[in-house]
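Peer 1: Here is a sequence with its predicted model. Questions after.
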Amino acid sequence: MGSGPAHLRRRVIALGVGFILLIIATAAWEAWLSHRATVDRAAKSTALLAGALADRTAQMLREIDYALRDVDERVQADEQETRTTAEWHVLLAAHLLRLPAVDSVTVLDPGGALRYASDDRLARDAGITRSSVFLDSRRHITPVLDFGRFWADQPDRERAFVVGRSFRHADGSLAGVLIVGIAGDYLARIYGVVDVNRGTEVRVQRDDGTVLARHVDEAAQGARRIVVLQPVQGYPLVVAVSLDRWQALHDWRVQETTNVALTLALSGFAAILLAWLVQSLNQRAQAEQARRTAEMRLEDARRAEALSLFAASVAHDFNNVLSAVLGYAELIRNALGAESQIRLNVDRLLSAAERGRKLVRRVLTLDARRSLDHSDVALVPILMEVLDQVRPTLSPATVLDVEILEGGATVRGDATEIYQAIANICGNAAQVMRAGGGRIEVRLNAVRVDRARPLVIGLLEAGEWWCLSVRDHGPGVAPDAIDSIFTALYTTAPRGQGTGLGLAIVRNAMLSMGGAIDVENPPGGGARFSLYWPAQKTASSRVVAAAGSPRGSGQTVMIVDDEPQLVALLEELLGSLGYEPVGFSDPQRALDAMRADPGRFDAVLTDERMPGLSGVAFVRAIRRIPLDLPVIMATAHRTADLDREAGLAGIQRVLNKPVQTAELATALADALSVPRRSPK
């Protein structure tokens, strides 16, 4: 009997909770139906508004279109090659400037020269010839309206856009481009009707999504919006009307607030409120943790990006210096006899320059966007070279225990970056053991993975891998620091004893080769770093070129580089190889020379980073002549994006600065050996 009241209490509580849940569910269902009806009404009213505004926009554009056609017909009928500013003003005032929607009119000839501007501010703006409206209008064979944003940074035109149309001579040739600026205050007047709906925004945009003009109500702040897109009939434009859902649901919220209050009053159970509160707190804690994690990742990304930019800048400038040193040293060496003492000194200079190249390669490892030429590389020779350099740095009390179980281990990667990765791991182990001594264990063996598993860096896929592990017997790595040690500039070493870059270099190098890294604190103390490479069974055979560089037979090679010293050097190098070099330190002048005499040149050697016109843009301009010339590009900072853009532009070869004479000679000979079309 003692359990009877408790059992009844539980039943009453269960029935009461069930009844309250039924009330809550009913109220929620009604609220959802009311919400959907409110949103539907707002969407319908917004659609009607968008249709009306699209019609008004189409009417305005038709007026401008008819006026532009009248101007075009007048130009063709007059058969007048040029007009004075006054004549243009009379013509445009009669057809365009009288329209209330027109804010300004600008006339440009086919070359972009200004012939007339109703607004002096636009006449002084050089950006007009680079605007998409001018370029698109000039390109169209059949005159059509083109739309774009104002190119001038003028606050009073934030709500306006421009309309462009080409006009032709009587013979059909391009006479120029008319660019009409739509008045922002006119758009504000015709779109002013939207002010009756708080939180409404009107955008005029092209079919590709480019926003041309906006009319925004001051209450339009919400991220979630009801959006209606209405095409402008006859033109590639869309009027987008969006309504702030928060504003649209204002009356619904007022009504549902009362309903919720009644529902909560009927419920009366603190347990439900407590459960809601606990759930809210849990969600808030999870969101806060996610925010902190995102901030840490963002900070890491910013730091890596800053290092990438720094590495690229240093490499670019340093490689330009090395290019001159290496090039002139090779010229001097080739001019000296084999037994000359000076030639021995020049060889030492070339050796020092080569060390400089490797140093730049090490700096560029910090740039994750760098471009690499991977090949089959044997691990053991590189490992032995690193160990030979590490041994002299060990203390007398430190023993280096090396066990190589796979002498034929071959990986696909870059030999320099493999060396850097192994050297950093082994160097860190030697530094840790320098004070107290002990044993450093180095193992190279094959690993078969049956099921993919994530490591500290990268993913170990199922398959065959080569594993190089380096274990020290130092203090180990703190578990909470394992995920951070590969971040650039992170270091646990005392000030002045570490840069925080070594493990970042290892991470970038291994990821570029599809590898992975693991970090463990094995039993017995110390830390074990394991580097994994996808296994290559055999190294690909490589053909060794015969002694001597290929020579030209008088072909004319255009050289383009913004550094005059490098232009002079390359002219001398190519001259010594049997070519006829023609150098330019200004890419625009080089392009003009190519256009003036396309058949003069047999090949092009260009730099990439040049002020005004990049190497890729220069080559694209050559292809538009059109001209099918072999092109070789030399760059001090090569990235994967640059390789992709160069391939799309039709560049046969991308070389890393500083370029050695033999490499340049081979690249030119290979490029010139491919048949090409004659210029039209």
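Peer 2: That came through fine.
Peer 1: Relative to Glu563, how far out is Asp586?
Peer 2: With distances taken as Cβ to Cβ, to the nearest Å, Asp586 is found 12 Å from Glu563. Heads up, the C-betas are built off the backbone N, CA and C, glycines and all.
Peer 1: Can you show me the helices along the stretch 401-550 of the chain?
Peer 2: For the stretch 401-550 of the chain, the helices defined by DSSP state H, counting those that start in this stretch cover 415-432, 502-512.
Peer 1: closest to Val260 out of the ones you listed?
Peer 2: With Cβ to Cβ as the criterion, Val260 lies closest to helix 502-512 of the helices of the stretch 401-550 of the chain, at 52.4 Å.
Peer 1: For that closest one, name the packing helices and strands.
Peer 2: The criterion is 3 or more Cβ pairs under 8 Å, 6 or more residues apart in numbering; DSSP states H and E, and the helices and strands that helix 502-512 contacts are helix 415-432, strand 516-520, strand 528-534.
Peer 1: if we go to 7 Å?
Peer 2: Counting contacts by 3 or more Cβ pairs under 7 Å, 6 or more residues apart in numbering; DSSP states H and E, helix 502-512 is packed against helix 415-432, strand 516-520.
Peer 1: of all those, which lies closest to Gly526?
Peer 2: Closest to Gly526 of the helices and strands packed on helix 502-512 is helix 415-432 (Cβ to Cβ; 8.1 Å).
Peer 1: average pLDDT across the closest one?
Peer 2: When pLDDT is averaged over helix 415-432, the result is 84.
Peer 1: Stretch 73-86 too?
Peer 2: For stretch 73-86, mean pLDDT rounds to 76.
Peer 1: which residues are contacting that stretch?
Peer 2: For stretch 73-86, contacts defined as Cβ atoms under 7 Å, 6 or more residues apart in numbering pick out 91, 116, 167-170, 175.
Peer 1: all helices for the stretch 51-200 of the chain, in order.
Peer 2: Per DSSP H, counting those that start in this stretch, the stretch 51-200 of the chain has helices spanning 85-95, 120-123, 132-139, 184-190. These are given in chain order.
Peer 1: from memory Glu663 sits against Val654, does it?
Peer 2: No - checked against Cβ atoms under 7 Å, the pair Glu663 and Val654 is beyond contact range at 11.7 Å.
Peer 1: So between those two, which is more surrounded?
Peer 2: Here Glu663 and Val654 are compared on neighbour count by other Cβ atoms under 10 Å; more neighbours surround Val654, at 21 against 15.
Peer 1: Find the pair from the contacts of stretch 73-86 with maximum spatial separation.
Peer 2: Maximum pairwise distance in the contacts of stretch 73-86, criterion Cβ to Cβ, is 20.1 Å, between Tyr116 and Ala170.
Peer 1: Could you list everything Arg443 pairs with in the sheet?
Peer 2: Using DSSP bridges, the bridge partners assigned to Arg443 are Glu403, Ser469.
Peer 1: Tell me how many other residues crowd it.
Peer 2: Residues near Arg443, counting by other Cβ under 10 Å: 17.
Peer 1: Tell me if I'm right that it and Glu406 touch.
Peer 2: No - counting by Cβ under 7 Å, Arg443 stays clear of Glu406, with 10.0 Å between them.
Peer 1: Which residue is the nearest non-sequential neighbour of Leu174?
Peer 2: For Leu174, ignoring the flanking residues on the chain, the nearest one in space by Cβ to Cβ, 6 or more residues apart in numbering is Pro110 at 4.7 Å.
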